[in-house]
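Colleague: fold the following.
(one chain, ligands or ions: 1)
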Amino acid sequence: AIPSSSSGTDSSSKASNDNPRTTSSGFDPEPLEKGLKALKQISASSYAKKVFEILKKQEETRQAELAAKVAEFNQMKAQLETEKQRIVYDEEKKLAQHQAQTKSQMAKYEDELARKRMQAENEYHRVRNQELVKLQEDSSIRLEQTRLETEKHIQALRKQTIEEQAKLEHEKIRETALAKAVGRVDEIKQNEEINRRDQLVEGDLVREKWISIINTTFDHIGGGFKAILTDRNKLVVTVGGVTALAAGVYTTREGARVIWGYVDRILGQPSLIRESSRGKYPWSGTFSRAKSTLARLAKPESVSNNGKGFGDVILHPSLSKRIEQLAFATENTKLHQAPFRNVLFYGPPGTGKTMAARELAYKSGLDYALMTGGDVAPLGSQAVTKIHELFDWAKKSNRGLLLFIDEADAFLCERNKTYMSEAQRSALNALLFRTGDQSKDIVLALATNRPGDLDSAVADRIDEVLEFPLPGEEERYKLLKLYLDKYIAQAGSRQSGLSSLFKANPQKIEIKGLSDDIIKEAAAKTDGFSGREIAKLMASVQAAVYGSDNCILDASLFREVVDYKVAEHQQRIKLAASDKA
Ligand SMILES: Nc1ncnc2c1ncn2[C@@H]1O[C@H](COP(=O)(O)OP(=O)(O)OP(=O)(O)O)[C@@H](O)[C@H]1O
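Modeller: Numbering: from 1, shown residues only. You can find the predicted model right below:
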């Protein structure tokens, strides 16, 4: 059996022989010949059948192996198919995932884009809205400016009209007065002519009468002189009588002068005092006190406030309470014969320091005298004497005296200031000397706008320091009401006393629609105004009303005056600031 297989192998090896025995057409017959030979040997062999069976079996085994291989191959193929399907599935899954991821990214991206677009749109709308608002604001500012300018223009026109009307009225009055004066002059001239003629006649008569009287008198005197000169005794008596009469007149005159000087020294008011409740004469203090008491009784609610508050002085409640306490303490001090306490009032001008000092004196039951620091310097070398005179005079008050020195810094400033004169320094020293000890007769009340300028020795003599600030809104409201009442509501009310017989009453002012709210509005606008400025504002309102045709005060006229007064105040502040700079 081996030879056949080997012959098979040989045939294959011969087919791949490197040196084949080939025909011209390329066919090699050698293997076929060998095979034939082998077949012949097999068929000749007794084992030929067996060989065929073995070959057959070999072939069957080979077929079974091939079938197994095919099955294996099919299994592999199935596996491969499964693997392929798995891979395809995985790939598809991956692809689907990838697609899903891409889709979600796309969605995210689109979302982001939409959000950004919205933001951009919002921003655009916001900017546009801002621009619109700005445009609206600009236009309203422009409108406001136009309105203000128009108002200003109207005010200017109104003012001009008022001025022109006033001018016309003035002119009319002048012309009427002129015509009347011309008429009166003519009348006087005519009367004069008649009078002159009458006087001439009368003069002739009088002259004749006087000539006859003089003649008679001279006849008598001539007779008298003749009698005296001829009678020696009569002559002596006459000369003695005339001499005695002259001596009497002279003595009386000089005596009266000496006595008056003495009385004046005791009771007279020193020249440094500008205003005093004691007055220049002994009876005037009593008279003025009685007068003010009557006035207070007549107007209890406004002046004395029923004993409470500070009447016409509007102060912050805490300040007015402190002054009341001070007045009460001073009154008690006087009752107990204890030394008085000196006070210093400081604050901006026109905040009621002088008024409060007057009220303090009144409430504490003291006499009151006011001098101003600026009056001392012009006295020169006389200043020291005048200061001593002043303190001597003040000591004579039975009730005790509140000596109020206004503008104290002008007189009582630091002694080592270079511009201070020797006389001023001496006057200050005199005051320091007179106030060195605690006094039981005099309360010194100093007022200044610059407390820091006071001499340290003066500051040392002060027991109470009160600040008078600019009025707050509530105080301004009360001040406006007070001066509205004084200058407007009471204007034109009938004057009392003798003066009403000679003076014409001012025209009455009618107030229309001036509510509390409008006054409150004015109080808010007048921030920074002093009490004096508010009083002046109301005086201006009064002037504006008198300048108008109908003498009516309404809200618009009031507002107009307040507005220009506020503008004036701001201007003054600006000027003061630029001056300082
Ligand atoms: N508190 C106030 N209440 C009412 N009126 C006031 C007040 N403050 C000022 N005035 C008005 O201002 C005027 C001046 O006030 P006053 O002389 O008391 O001020 P002052 O503080 O002493 O001023 P200065 O420092 O300029 O002397 C007063 O006559 C009054 O019309």
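
Colleague: and the residue of the chain found nearest the ligand, what's its pLDDT?
Modeller: Closest to the ligand within the chain is G531: 2.3 Å, counting by Cβ to the nearest ligand atom. From N, CA and C alone the C-beta is placed, and that goes for glycine too. The model reports G531 with a pLDDT of 94.

Colleague: next one: the closest residue to it other than its chain neighbours, what pLDDT does it get?
Modeller: Here the nearest residue to G531 in space, its sequence neighbours aside, is G352; by Cβ to Cβ, 6 or more residues apart in numbering that works out to 5.1 Å. If you check G352, the pLDDT there is 92.

Colleague: cool, A369 as well?
Modeller: 84.

Colleague: need the contact list for it.
Modeller: A369 is in contact with 269, 273, 275-278, 394, 401-404, counting by Cβ atoms under 8 Å, 6 or more residues apart in numbering.

Colleague: quick check: it is in a strand.
Modeller: Yes. Assigned with DSSP: H, G, I helix; E, B strand; the rest coil, A369 falls within a strand.

Colleague: and it, what are its bridge partners?
Modeller: Counting by DSSP bridges, A369 forms beta bridges with S276, L403.

Colleague: leaving out the residues flanking it, which one is nearest to A410?
Modeller: Closest to A410 by Cβ to Cβ, 6+ apart is G373, at 3.7 Å.

Colleague: which ones are touching the one you found?
Modeller: 405-412.

Colleague: same list (the residues you listed) but as CSV, adding secondary structure.
Modeller: Listed next are the contacts of G373 as CSV, based on three-state DSSP:
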residue, secondary structure
I405, strand
D406, strand
E407, coil
A408, helix
D409, helix
A410, helix
F411, coil
L412, coil
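
Colleague: downstream neighbour of whichever helix or strand K49 is part of in the secondary structure list?
Modeller: Using DSSP states H and E, the element containing K49 is helix 48-230. Using DSSP H and E, the helix or strand that follows helix 48-230 in sequence is helix 232-267.

Colleague: quick one: mean pLDDT over that following helix.
Modeller: On average, helix 232-267 scores 78.

Colleague: so which bits of the stretch 201-350 of the chain are right by the ligand?
Modeller: Within reach of the ligand by Cβ under 6 Å from any ligand atom, the stretch 201-350 of the chain has these residues: 312-315, 349-350.

Colleague: can you list the residues you listed in TSV and add neighbour count?
Modeller: Shown next, in TSV, are those (neighbours: other Cβ atoms under 10 Å):
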residue	neighbour count
D312	18
V313	22
I314	23
L315	24
P349	13
G350	19
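
Colleague: and the residues you listed as CSV, adding secondary structure?
Modeller: Formatted as CSV, these follow (three-state DSSP):
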residue, secondary structure
D312, coil
V313, coil
I314, coil
L315, coil
P349, coil
G350, coil
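
Colleague: farthest-apart pair in those residues, please.
Modeller: Using Cβ to Cβ, these span at most 18.1 Å, a distance reached by D312 and P349.

Colleague: now do the domain split for this structure, please.
Modeller: The record, using automatic domain parsing to delimit domains, assigns the chain the ranges 65-108, 231-266, 317-469, 478-494+505-580.

Colleague: which residue is nearest the centroid of the chain?
Modeller: D527 (4.5 Å; Cα atoms, centre = their mean).

Colleague: ok so, going back, and the ligand, which of the contacts of G373 reach it?
Modeller: Restricting the contacts of G373 to contacts with the ligand (Cβ under 6 Å from any ligand atom) yields D406.

Colleague: can you put the contacts of G373 in JSON lines and add neighbour count and pLDDT?
Modeller: Output for those, formatted as JSON lines (neighbours: other Cβ atoms under 10 Å; pLDDT from 0 to 100):
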{"residue": "I405", "neighbour count": "26", "pLDDT": "89"}
{"residue": "D406", "neighbour count": "22", "pLDDT": "87"}
{"residue": "E407", "neighbour count": "18", "pLDDT": "86"}
{"residue": "A408", "neighbour count": "27", "pLDDT": "86"}
{"residue": "D409", "neighbour count": "22", "pLDDT": "84"}
{"residue": "A410", "neighbour count": "18", "pLDDT": "81"}
{"residue": "F411", "neighbour count": "27", "pLDDT": "80"}
{"residue": "L412", "neighbour count": "25", "pLDDT": "83"}
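
Colleague: export the contacts of G373 as TSV, with columns for distance to N449.
Modeller: Shown next, in TSV, are the contacts of G373 (distance: Cβ to Cβ, whole Å):
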residue	distance to N449
I405	13
D406	10
E407	8
A408	10
D409	7
A410	10
F411	14
L412	13
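
Colleague: what is the least confident helix or strand in this structure?
Modeller: helix 2-15 (a mean of 43; mean pLDDT, DSSP states H and E).

Colleague: how far does stretch 236-252 sit from its chain's centre?
Modeller: 78 Å (Cα atoms, centre = their mean, to the nearest Å).

Colleague: just the CA trace of it, in PDB.
Modeller: Presented in PDB, the C-alpha positions along stretch 236-252 are these (Å, rounded to 0.1, in the frame of the first residue of the first chain):
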ATOM      1  CA  VAL A 236     -27.800 203.600  96.100                       C
ATOM      2  CA  VAL A 237     -30.900 201.400  96.500                       C
ATOM      3  CA  THR A 238     -31.200 201.000  92.700                       C
ATOM      4  CA  VAL A 239     -27.600 200.000  92.100                       C
ATOM      5  CA  GLY A 240     -27.600 197.500  95.100                       C
ATOM      6  CA  GLY A 241     -30.900 195.900  93.800                       C
ATOM      7  CA  VAL A 242     -29.500 195.300  90.300                       C
ATOM      8  CA  THR A 243     -26.300 193.800  91.600                       C
ATOM      9  CA  ALA A 244     -28.100 191.500  94.000                       C
ATOM     10  CA  LEU A 245     -30.400 190.300  91.100                       C
ATOM     11  CA  ALA A 246     -27.400 189.500  88.800                       C
ATOM     12  CA  ALA A 247     -25.600 187.600  91.700                       C
ATOM     13  CA  GLY A 248     -28.800 185.600  92.400                       C
ATOM     14  CA  VAL A 249     -29.300 184.600  88.700                       C
ATOM     15  CA  TYR A 250     -25.700 183.500  88.400                       C
ATOM     16  CA  THR A 251     -25.700 181.500  91.700                       C
ATOM     17  CA  THR A 252     -28.900 179.700  90.800                       C
END
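
Colleague: how about residues contacting it?
Modeller: I228.

Colleague: offset the numbering so it begins at 19, please.
Modeller: That works, and once the first residue is 19, the last one we named lands at stretch 254-270.

Colleague: sorry, back to before: restricted to buried residues, select the contacts of A387 in ChimeraX.
Modeller: With 16 or more other Cβ atoms under 10 Å as the criterion, this ChimeraX line picks the buried residues out of the contacts of A387:
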select :287,291,294,295,296,412,419,420,421,422
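
Colleague: so for the contacts of A387, which is the shakiest by pLDDT?
Modeller: R296 (63).

Colleague: burial count for A56?
Modeller: Look at A56: counted by other Cβ atoms under 10 Å, it has 16 neighbours.

Colleague: same thing with A542?
Modeller: 11.

Colleague: please identify which helix or strand holds it.
Modeller: helix 534-543.
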